[in-house]
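**Student:** Give me coordinates for this.
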Amino acid sequence: MTDIDWNSGTWTTAPAQVDVASDGLHVTAVEGSDAWRTTSYGFVHDTEHALLVPFEQDTAQEVTFRLDFTAQFDQAGIFVKVDETTWTKAGVERSDGEESLGAVVTRGMSDWSLSPVPGWHGREVTIRASRSGDALTVRARVDDEPWRLVRVAPLDPASRVSAGPMCCAPSRGDLTVHFTSWTTGPADASLHPED
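**Tutor:** Residues are numbered from 1 along each chain as shown. Okay, the predicted model is just below:
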């Protein structure tokens, strides 16, 4: 994997504060920032803080951050965008008192999947998005533990796509996420590990 320069991307929505430091990128989210379209809640939020660069076919991006959330819906991970109504966000979100690994896949309307990750708090989480064929494959791990499959979603191979680190703070104004790494490399060779 090759490092991506923190200064090379473009923000979808400017954060409250951004600091590039020797230990990574520190991003303070704006209160109320979020990404969601319609389903169940009835609103559209497109104020996520996502730092995006082109995401080419047959490549992968990995985003690593320190997990130290405390408020409802604090979230960080990776954002993969085709256009305003076609995107995926994947990472860890604090919901109803616990941190969960999940993804929101949006094609006109959003869906949401979550799985609790007890024991991940205070550790480094890596989210990996891999683009190959007609699919986006999302995996995640904490520290150097094995990868977990999070989601496989359709992604048109002809689409122009961008991706990068993302955070949101729907319920507070003082969330700062410490991203420690942003890298790119070849896409996953297969959906399932070889025996």
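
**Student:** So Arg66 versus Ser181, what's the distance?
**Tutor:** Counting by C-beta to C-beta, to the nearest Å, the gap between Arg66 and Ser181 amounts to 11 Å. Heads up, the C-betas are built off the backbone N, CA and C, glycines and all.

**Student:** likewise Asp188?
**Tutor:** 18 Å.

**Student:** Thr28 too?
**Tutor:** To Ser181, Thr28 is 19 Å away according to C-beta to C-beta.

**Student:** again, but for Ser162
**Tutor:** On the measure of C-beta to C-beta, Ser162 and Ser181 end up 18 Å apart.

**Student:** try Thr10
**Tutor:** Separation of Thr10 from Ser181 (C-beta to C-beta): 19 Å.

**Student:** Bridged to the residue sitting nearest the centre point of the chain, which residues?
**Tutor:** If you average the C-alpha coordinates of the chain and look for the closest C-alpha using C-alpha atoms, centre = their mean, you land on Ile78, 1.8 Å from that point. Under the criterion DSSP bridges, Ile78 forms beta bridges with Ala90, Pro165.

**Student:** remind me which residues of this structure are low pLDDT?
**Tutor:** Counting by pLDDT under 70, the chain contains low-confidence ranges at 194-195.

**Student:** 80 - rerun?
**Tutor:** Confidence mapping of the chain against pLDDT under 80 gives the ranges 193-195.

**Student:** and the nearest residue to Leu67 once chain neighbours are set aside, what is it in contact with?
**Tutor:** Spatial nearest neighbour of Leu67, chain neighbours left out: Val125 (5.0 Å); criterion: C-beta to C-beta, 6 or more residues apart in numbering. Remark: with contacts taken as C-beta atoms under 8 Å, 6 or more residues apart in numbering, Val125 is in contact with Thr64, Phe65, Arg66, Leu67, Ala76, Gly77, Gly91, Val92, Ala140, Arg141, Val142.

**Student:** So which of those residues are in strands?
**Tutor:** Among the contacts of Val125, the members falling in strands are Thr64, Phe65, Arg66, Ala76, Gly77, Gly91, Val92, Ala140, Arg141, Val142 (criterion: DSSP state E).

**Student:** with those in mind, which one is nearest to Leu175?
**Tutor:** Distance from Leu175 was checked for each of the ones in strands among the contacts of Val125 by C-beta to C-beta. The minimum falls on Ala76, at 8.6 Å.
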